[in-house]
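Chemist: Next one to model:
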Amino acid sequence: MTTPPTLESFPARAYDKLRYGDTDRQGHVNNAVFGTFFETGRVELILDAEHSLLEPGQSFVLARIEIDLVAEILWPGTVEIGSAVSRVGRSSIHVAQALFQNGRLCARATSVVVLVDGTTRRSTPFGEAAIARLKALHLTDEA
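Modeler: Model prediction:
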């Protein structure tokens, strides 16, 4: 059994404010909204203005996401999103993430994001600077 991650396990951290409209009939945040929270974390991880992973004409596309729901999230409040690179491929990265509310683990996700050339609309390999940056974003613990 793996030890649950903590927010401190992740080199990139973001947050989202919970909206009343995120809730469902049971009074907790709807499971569909968890994907939006994970998107916030992924975008802040890979589109960091100070350390861009993109060269002109490139973009990222989400190829796969798997979400494990651990605990409910309750409105009002915020969620904290931890994100890290768990694997780097030729043109793709695997992103490990976790959602926390008030320090409690609520969900985990693993996604695959692919670097795409804007002209050909096909995957394209990472440059050396991007690979160096991605290595700096690896998990600090097993998450």
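
Chemist: tell me which residues in the helix ranked longest in the chain are buried?
Modeler: With secondary structure taken from DSSP state H, the chain has its longest helix at helix 31-46. Of the residues in helix 31-46, those scored as buried under the neighbour-count criterion (16 or more other CB atoms under 10 Å) are 33, 34, 37, 38, 39, 40, 41, 42, 44, 45, 46. Backbone N, C-alpha and C define where each C-beta goes, glycine included.

Chemist: And stretch 123-130, by the same measure?
Modeler: For stretch 123-130, burial by neighbour count (16+ other CB under 10 Å) applies to 124, 126, 130.

Chemist: which of the residues you listed lies closest to residue 7?
Modeler: Closest approach between these and residue 7, by CB to CB: residue 130, at 25.3 Å.

Chemist: tell me the centre residue of this structure?
Modeler: The chain has residue 42 as the residue nearest its centroid, 3.3 Å off, counting by CA atoms, centre = their mean.
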